[in-house]
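Colleague: Only the shape, not the letters, is given here:
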Ligand SMILES: C[S@@+](CC[C@H](N)C(=O)[O-])C[C@H]1O[C@@H](n2cnc3c(N)ncnc32)[C@H](O)[C@@H]1O
């Protein structure tokens, strides 16, 4: 059985963690983008660069069908609310002809395309059931298709690109950099850590070239020298992950980068990178990642998951610890400051701590108030009952 056939025979737990994050991110993203970016006529684009067959042999949905179902959910929500239907563009790229055939069938079934002739390779089509969900499928190479789109379309509508290859040779950084030039472009990329780490010092020239291209550098000497200074595998991992994140910040001009490590049987297989210029995207992604790991480590380990029984009181105790830790960080950062708004505390939390905003942040503010570390008053001078809406927060 080839690696690819084995991969699609069953959705493995560590791949499922990746897809859960994708699934939790995309609907809120679509809603916020379509509703929030009127400048683009309420349109958004989702690209799945390594789409696979759509459905695994065990019946689990793969990334393109997850994305398509998110679009359908979003469409149905808008219709139920009496809003204009969202204009969603989906591009699915799959290199293997065998997988593409299955992908095509699964897409047709999911949107209930009664006239299969409407499906044309490499062109947008929509079904009668969902006329504003436009889908284009390409049986082609990711680099070629995305490269052509970026050449033909000078400025993209708000877009999200999921990049989920098997190896490190198909995702040259130059392409990611070009894509990220677009103001509202985001990537969610599966960085194949295990192989990259294994081959990074390989003597074969062509492998070296692929890894240099992956990192977007002309040669790898700087990174290799940094690796040589470390003996410990965890420090080595930190060096590689920070180096790639640094490229996303400095070369691809991402404003926010967040990574999530995925282990299989205790070994780091993948590192997922999310890069965006948009704080709302960062906040939404942090929440999606917390849905898979609520410890604040941004790590999923399939080994731990099966051994771990989480009792309710343990979860509550953990949550209280997070609340107190976040409260401490907020207290230090804003110490002595007056007239701080909740938005400012939210921004600090999203950008500078491991925590997402939401329940934990409200808990942290309550904790600070209870311990008289903050004094809260309504901005308009009216009497405050509770909560942190329209208030100034004054820190001790
Ligand atoms: C890790 S799998 C994708 C899994 C899929 N994203 C999912 O979650 O169900 C990688 C897929 O990329 C395809 N592929 C490999 N090289 C490619 C390339 N250069 N361009 C597009 N697809 C490619 C493989 O055939 C395989 O189906």
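Modeller: Yep, that arrived. Remember, it's a predicted structure, so these values are computed and weren't measured experimentally.
Colleague: if we look at the sheet, which residues does the residue of the stretch 251-396 of the chain found nearest the ligand bridge to?
Modeller: Taking Cβ to the nearest ligand atom, the ligand has its nearest neighbour within the stretch 251-396 of the chain at residue 270, 9.7 Å off. Any C-beta I mention is one placed from the backbone N, CA and C, and that applies to glycine too. Beta-bridge pairing of residue 270 under DSSP bridges involves residue 262.
Colleague: Could you do residue 159 as well?
Modeller: Residues in a beta bridge with residue 159, per DSSP bridges, are residue 45, residue 185.
Colleague: Let me know how buried the closest residue to the ligand within the stretch 151-300 of the chain is, in neighbour terms.
Modeller: Residue nearest to the ligand within the stretch 151-300 of the chain: residue 164 (3.8 Å; Cβ to the nearest ligand atom). Residues near residue 164, counting by other Cβ atoms under 10 Å, number 23.
Colleague: and if you look at residue 367?
Modeller: The number of residues packed around residue 367, counting by other Cβ under 10 Å, is 19.
Colleague: Next: residue 52.
Modeller: 25.
Colleague: buried residues in the helix or strand where residue 272 lies?
Modeller: Per DSSP states H and E, residue 272 falls inside strand 267-276. Buried residues in strand 267-276, defined by neighbour count with 16 or more other Cβ atoms under 10 Å: 268, 269, 270, 271, 272, 273, 274, 275, 276.
Colleague: Of the residues you listed, which is the nearest to residue 65?
Modeller: Nearest to residue 65 among the buried residues of strand 267-276 is residue 272, at 19.3 Å by Cβ to Cβ.
Colleague: before we move on, the earlier item: could you export the buried residues of strand 267-276 as TSV, including pLDDT and distance to residue 17?
Modeller: As requested, the buried residues of strand 267-276 are arranged in TSV below (pLDDT from 0 to 100; distance: Cβ to Cβ, whole Å):
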residue	pLDDT	distance to residue 17
268	95	13
269	95	10
270	96	9
271	97	12
272	98	9
273	98	15
274	98	14
275	98	19
276	97	20
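Colleague: what's the closest of those to residue 299?
Modeller: With Cβ to Cβ as the yardstick, the closest approach to residue 299 among those comes from residue 268, at 8.9 Å.
Colleague: got the contact list for that closest one?
Modeller: Counting by Cβ atoms under 8 Å, 6 or more residues apart in numbering, residue 268 makes contact with 193, 194, 197, 237, 261, 262.
Colleague: which strands and helices sit next to the helix or strand where residue 317 lies?
Modeller: Taking DSSP H and E as the criterion, residue 317 maps to helix 312-334. Contacts defined by 3 or more Cβ pairs under 8 Å, 6 or more residues apart in numbering; DSSP states H and E place helix 312-334 against helix 342-352, helix 359-370, strand 391-395.
Colleague: do that again at 10 Å, thanks
Modeller: helix 342-352, helix 359-370, strand 374-378, strand 391-395 (3 or more Cβ pairs under 10 Å, 6 or more residues apart in numbering; DSSP states H and E).
Colleague: Could you give the average pLDDT over it?
Modeller: Mean per-residue pLDDT for helix 312-334: 86.
Colleague: Please apply the same query to stretch 46-63.
Modeller: For stretch 46-63, mean pLDDT rounds to 97.
Colleague: Check which residues of it are buried.
Modeller: Those would be 46-56, 60-63, for stretch 46-63 by 16+ other Cβ under 10 Å.
Colleague: Which ones, among these, also lie beside the ligand?
Modeller: Filtering those for neighbours of the ligand using Cβ under 6 Å from any ligand atom leaves 50, 51, 52, 62, 63.
Colleague: which two from those end up farthest apart in space?
Modeller: Once Cβ to Cβ is applied, these give 50 and 62 as the farthest pair, at 10.2 Å.
Colleague: Give me the common contacts of the two.
Modeller: By Cβ atoms under 10 Å, 6 or more residues apart in numbering, residue 50 and residue 62 have these common neighbours: 99, 164.
Colleague: hang on, the earlier thing: could you provide the buried residues of strand 267-276 in JSON lines, with additional columns for distance to residue 291?
Modeller: Below are those laid out as JSON lines (distance: Cβ to Cβ, whole Å):
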{"residue": "268", "distance to residue 291": "21"}
{"residue": "269", "distance to residue 291": "20"}
{"residue": "270", "distance to residue 291": "17"}
{"residue": "271", "distance to residue 291": "18"}
{"residue": "272", "distance to residue 291": "13"}
{"residue": "273", "distance to residue 291": "18"}
{"residue": "274", "distance to residue 291": "14"}
{"residue": "275", "distance to residue 291": "20"}
{"residue": "276", "distance to residue 291": "18"}
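Colleague: where in the stretch 51-200 of the chain is pLDDT low?
Modeller: Counting by pLDDT under 70, the stretch 51-200 of the chain contains no low-confidence residues.
Colleague: Name the residue of it that lies nearest to the ligand.
Modeller: Residue nearest to the ligand within the stretch 51-200 of the chain (Cβ to the nearest ligand atom): residue 62, separated by 2.6 Å.
Colleague: dump the residue contacts of that residue.
Modeller: Contact analysis of residue 62 by Cβ under 10 Å, 6+ apart lists 7-8, 11, 15, 19, 48, 51-56, 99, 102-103, 106, 164.
Colleague: Repeat that for residue 384.
Modeller: 376, 377, 378, 390, 391.
Colleague: now those as JSON lines including distance to residue 130, pLDDT and neighbour count?
Modeller: Formatted as JSON lines, the contacts of residue 384 follow (distance: Cβ to Cβ, whole Å; pLDDT from 0 to 100; neighbours: other Cβ atoms under 10 Å):
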{"residue": "376", "distance to residue 130": "46", "pLDDT": "97", "neighbour count": "17"}
{"residue": "377", "distance to residue 130": "49", "pLDDT": "96", "neighbour count": "14"}
{"residue": "378", "distance to residue 130": "45", "pLDDT": "95", "neighbour count": "13"}
{"residue": "390", "distance to residue 130": "40", "pLDDT": "94", "neighbour count": "12"}
{"residue": "391", "distance to residue 130": "43", "pLDDT": "96", "neighbour count": "19"}
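Colleague: Brilliant, that's me finished.
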